[in-house]
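# my questions concern the predicted model and sequence given below.
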Amino acid sequence: AYADDVVLIAKSVTAMSGLLATTESFLAKRGLNLNGRKSAALHLLHGRRATAVGTREVWSIKGEPIKMVSRDDPFTYLGVRFGPYGKYLFNPKPFVDSLKRLTKAPLKPDQRFMLLKRYMLPKVIHQLSLGCFNAGLLGKCDRATTSVVKSILHLKKDVSNALIHATTRSGGLGVMSFRD
C-alpha cells in the first residue's frame, strides 16, 4: 500500500527531524514507509528582512538524503507546480500539446471527444482550481479546446462556439468553457 502526498511542516530543523522520525515510526507500524528518493524538502530560512531558501541537505529517510528544493527548482504537488515562494502561474502548453496529440490519436471521433470531456478537461480544471491563472490563460485554453472539438468532430470552423459550450440538454455538446 502507498500513502501518497504526505506533507510535514515544522518550525525548525530539529522539529522536522523529530516529525520525520515520528512519521516513519507511525507508518512502519501500519506496513507503510516513506521513500527518500521520491521525497522533497523545502527549507525556508527567515531573516530580519528576507526569507531565503536553504539548499544544504538536512534530512534523510533510511539513510537516503531528501532532495532539497532550491530557489529555482519548482516541484509538483497534487498536479500543481509550486516553488519556494508559492504557486506558479498555470502553464497551458502541456494541455495544448495533449490536445494536439489527441487529434492524431488512432481513435474514432466519439472516442476522442469522450476522452477530452471525461479525462483531459477535468484534469485541467483540477490544476486551475488549485493553481494560479489569469483571463488570458483561460482564453487560450478555451480557444484550443473549441478548435480541437471542431477538428475531431469534423465541424466547420465557423460553427458557433455556443453549440460547443451549450449543455447537452439544450442540444449542445456540453463542453465546459474555462471563462464561464
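Good, I have the coordinates. Residues are numbered from 1 along each chain as shown.
# contacts for the one helix or strand Ser17 maps to next, please.
Taking DSSP states H and E as the definition, Ser17 sits inside helix 13-28. Taking contacts as Cβ atoms under 8 Å, 6 or more residues apart in numbering, the residues outside helix 13-28 that touch it are Ala3, Val6, Leu8, Ala10, Asn33, Leu34, Ala41, His43, Val58, Trp59, Ile61, Lys62. In this view, the C-beta of every residue, glycine as well, is placed from N, C-alpha and C.
# so Asn33 versus Pro92, what's the distance?
With distances defined as Cβ to Cβ, to the nearest Å, the gap from Asn33 to Pro92 amounts to 37 Å.
# more neighbours: which of those two?
Using other Cβ atoms under 10 Å, the more surrounded residue of Asn33 and Pro92 is Pro92, with 21 against 13.
# how about the strands in this protein?
Assigned by DSSP state E, the chain shows strands spanning 40-41, 43-46, 51-54, 60-61, 64-65, 67-68, 75-77, 80-83, 86-87.
# weakest of those by average pLDDT?
For these, the stretch scoring lowest in mean pLDDT is strand 51-54; its value is a mean of 61.
# low-scoring stretches of the protein, by residue?
Within the chain, the ranges that satisfy pLDDT under 70 run 1-4, 46-47, 49-57, 71, 83-87.
# tell me where it has helices.
With DSSP state H as the criterion, the chain has helices at 13-28, 93-104, 109-115, 121-130, 135-152, 161-165.
# of these, which is nearest Thr76?
Among the helices of the chain, helix 121-130 comes nearest to Thr76, with 9.7 Å by Cβ to Cβ.
# that closest one vs helix 93-104, what angle?
Orientation note: helix 121-130 sits at an angle of 170 degrees relative to helix 93-104 (axes from the mean of the first three to the mean of the last three Cα atoms, to 10 degrees).
# helix 121-130 to helix 135-152, inter-axis angle?
180 degrees.
# can you start the count at 584 instead of 1 from here on
Okay, residue one is now 584; in that scheme the one you just asked about reads as helix 704-713.
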